[in-house]
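A.B. asks: coords please:
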Amino acid sequence: MFTWKEARPEDFGIPAEAVGQLEGQLKEMRLRIHGFMLIKGENILAERYYEPFGRDKLHRMYSITKSFTALAVGLLVKNGLVKPEDRICDYFPEKLPEGGAHPWCREMTIRDMLTMRTCHSSTTYKRHGGKDWTESFFHVAPDHVPGTVFSYDTSSSQVLAALVEKLTGKKMLDYMRSQILDQLGFSKEAYILPDPVGVSQGGSGLVCTLRDVAAVAHLCCRMGSIQGREYLPADYMQEATGGQVPTDLQPVLDEQCGYGYFIWKPREEGFTFFGMGGQLAVCFPQYDFCYITMADTIGNPAGVQALHNCFYRTVFPCLKASSPSGTHGAKAYGSTCEGICEEKREQGFLSMEKGLRESTQAVPYAFYPNALEWEEVCFDWEQKEMSLALSGNRYTIAFGTEEWVRQPLLDTEYFCECRGQWKMGHFILECYVLYEDMGNIRMDFAWKDHRMSVRSVCAGEVFPPEMKSHYQGFASAERNGGQSANQAG
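C.D. replies: All right, here's what the predicted structure looks like:
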């Protein structure tokens, strides 16, 4: 069984003063921190708890549960029970509405769900009248093509937890215990809260200790293998912890760096388990290092970002300086393989982007009926322009790819600066208003076969409500002309 070792941070190039500075800054920021750990491999370099919390105290981990659900799905893959390409509707025929699911729902895969690229704009069970959270996923009307743009949808993790329990006949945590967690010394008292019909809340229900999260984070840093035993497939873990989809439209830095399988990408190379209120496991495989926190920053919009910032200002520079080449432990812990996979993934995205520019050059896409009232969009990549037909009007937006292009903002009296960038096969377009009242419109475009989707966010009082309604939400289109969304797919 895996066991922790106590060590001094100085033995691994991190001065005790840096740990003290981290604690001091967390206090200065008036953060309600319940505990934190710094681990290097199996070594605990620092572990602090603040009353009434302690080492053995169970704590709600909120959306860190999603990362556990992704690992449980990885076990299904390892055991040959599912493939990421499988369509989720095939596993829940009893949950589908009379007459069958919407075509966009029918085409949705397990991988689409793991990467938060479902056909839903938000959590379905919060919009559905029934008690069955899993069923809501198949009954709520979708608003865009799946497998395209990122949208944080907790119901996707709920359904995958239900899938684990349906295929194994066990509660998700019990299944994980038998396969992984018992060998990691995971708390026997830990549990996952159930939904109203008894299915584990795979999106937010995990209640466990900080050491429990640290042990699982350590396993993931090693890409699923420790002490010579593979608990999770390395290729699955590299996909799960790697950037699969851009998240630039999220509100803060450490949510804007990409997403894997229910796992976030942080500002530095690595991955993050992230739960509401400051539950974090920020992991850096190239250093075999994790920063784990539990806190209550609920209601403080800057709280989670402050937990990140305090660490990056104090401990991380020392960690980086102690391994300047970024290769410490690479041979032993698989970081070299991880780097190769990231390079191949990046090359794949570059090839995809080149193909998209060629295949969509000056090609109009007609939208299915949508709340934004978008009718048609067309990109001229050579001229660096987007033409948009919206609510009976047509607009042209010019953009640079390196520089910002100044121009009138649509049909307003304001000027703005616009820039577009390719990321992970998506095109991200940003327009920032240059006026005494500031604001911005940011759009994420993603293509799938002959279709495309857009997610748009609009911020700032400069935009009147009737204008904001055209740039806040989701829409999908197809290359060969629009049709009813009910006929799509």
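A.B. asks: Only C-alpha atoms from now on, for both contacts and neighbour counts.
C.D. replies: Noted.
A.B. asks: Show me the helices in the protein, by range?
C.D. replies: Taking DSSP state H as the criterion, the chain contains helices spanning 16-28, 64-78, 103-106, 110-114, 133-139, 154-168, 172-179, 210-221, 234-241, 303-322, 330-333, 335-360, 465-468.
A.B. asks: Next, count neighbours for P317.
C.D. replies: P317 has 13 neighbours, counted by other C-alpha atoms under 10 Å.
A.B. asks: From N309, how far off is it?
C.D. replies: 12 Å (C-alpha to C-alpha, to the nearest Å).
A.B. asks: for F12, same thing?
C.D. replies: F12 is 21 Å from N309, by C-alpha to C-alpha.
A.B. asks: same thing with G54?
C.D. replies: Counting by C-alpha to C-alpha - G54 and N309 are separated by 24 Å.
A.B. asks: Please apply the same query to G41.
C.D. replies: Going from G41 to N309 by C-alpha to C-alpha gives 23 Å.
A.B. asks: And the average pLDDT for stretch 186-199 is what?
C.D. replies: Averaging pLDDT along stretch 186-199 yields 98.
A.B. asks: buried set for it?
C.D. replies: Across stretch 186-199, burial judged by 16 or more other C-alpha atoms under 10 Å covers 186-187, 190-192, 195, 199.
A.B. asks: Among those residues, give me the pair with the biggest separation.
C.D. replies: Greatest spatial distance in the buried residues of stretch 186-199: F186 and D195, 22.7 Å, computed using C-alpha to C-alpha.
A.B. asks: Just give me the neighbour total for the closest residue to Q21 other than its chain neighbours.
C.D. replies: Excluding the flanking residues, the one nearest Q21 by C-alpha to C-alpha, 6 or more residues apart in numbering is T314, at 6.2 Å. By the criterion of other C-alpha under 10 Å, T314 has 21 neighbours.
A.B. asks: Any regions of the stretch 51-200 of the chain where pLDDT drops low?
C.D. replies: For the stretch 51-200 of the chain, not a single residue meets the criterion pLDDT under 70.
A.B. asks: what about the residue lying farthest from the centre of the chain, distance to L280?
C.D. replies: Within the chain, E413 marks the point farthest from the mean C-alpha position, 36.7 Å out by C-alpha atoms, centre = their mean. Distance from E413 to L280, counting by C-alpha to C-alpha: 44 Å.
A.B. asks: wait, doesn't K83 sit right on L75?
C.D. replies: No - with contacts counted by C-alpha atoms under 8 Å, K83 stays clear of L75, the gap being 10.7 Å.
A.B. asks: How is this structure divided into domains?
C.D. replies: Residue ranges for the domains of the chain, per automatic domain parsing: 5-343, 361-481.
A.B. asks: Just say which of the ones you listed is most tucked in.
C.D. replies: domain 5-343 (a mean of 20; mean count of other C-alpha atoms under 10 Å).
A.B. asks: Distance across that one, terminal residue to terminal residue?
C.D. replies: 34 Å.
A.B. asks: so what's the nearest residue to S155 once chain neighbours are set aside up against?
C.D. replies: Closest residue to S155 in three dimensions, ignoring its sequence neighbours and counting by C-alpha to C-alpha, 6+ apart: T123, at 5.1 Å. T123 sits next to 152-156 when contact means C-alpha atoms under 8 Å, 6 or more residues apart in numbering.
A.B. asks: which one among those gets closest to Y62?
C.D. replies: The shortest approach to Y62 among the contacts of T123 belongs to T154, at 10.7 Å (C-alpha to C-alpha).
A.B. asks: Would you check that the closest one makes contact with G203?
C.D. replies: Yes - T154 lies in contact with G203 (C-alpha under 8 Å); the separation is 5.5 Å.
A.B. asks: Mind listing the shared neighbours of the two?
C.D. replies: Between them, T154 and G203 share no contacting residue, judged by C-alpha under 8 Å, 6+ apart.
A.B. asks: Could you report the separation of L160 from L356?
C.D. replies: Distance from L160 to L356, by C-alpha to C-alpha: 31 Å.
A.B. asks: Run through the residues that contact the residue nearest the centre of the chain.
C.D. replies: The centre of the chain sits closest to Y259, judged by C-alpha atoms, centre = their mean, with a distance of 3.7 Å. Shown in contact with Y259 (C-alpha under 8 Å, 6+ apart): 115, 241-247, 265.
A.B. asks: show me the residues around R111 that make contact.
C.D. replies: Applying C-alpha under 8 Å, 6+ apart, the residues near R111 are 84-85, 261.
A.B. asks: wait, E107 sits on H144?
C.D. replies: No - using C-alpha under 8 Å, E107 is not in contact with H144, being 11.8 Å away.
A.B. asks: quick one: low-confidence ranges for the stretch 351-489 of the chain?
C.D. replies: 481-489.
A.B. asks: so how far is F68 from C416?
C.D. replies: Counting by C-alpha to C-alpha, the gap from C416 to F68 is 43 Å.
A.B. asks: partner residues bridging R451?
C.D. replies: K448, E478 (DSSP bridges).
A.B. asks: Which residues are in contact with E239?
C.D. replies: Applying C-alpha under 8 Å, 6+ apart to E239 gives the contacts 260-261.
A.B. asks: cool, and G224?
C.D. replies: 230-234, 237.
A.B. asks: confidence score at the nearest residue to it once chain neighbours are set aside?
C.D. replies: Nearest non-adjacent residue to G224, counting by C-alpha to C-alpha, 6+ apart: L232, 4.6 Å away. L232 is assigned 98 on the pLDDT scale.
A.B. asks: Assess the claim that L232 and N79 are in contact.
C.D. replies: No - taking contacts as C-alpha under 8 Å, L232 lies outside contact range of N79: 9.8 Å.
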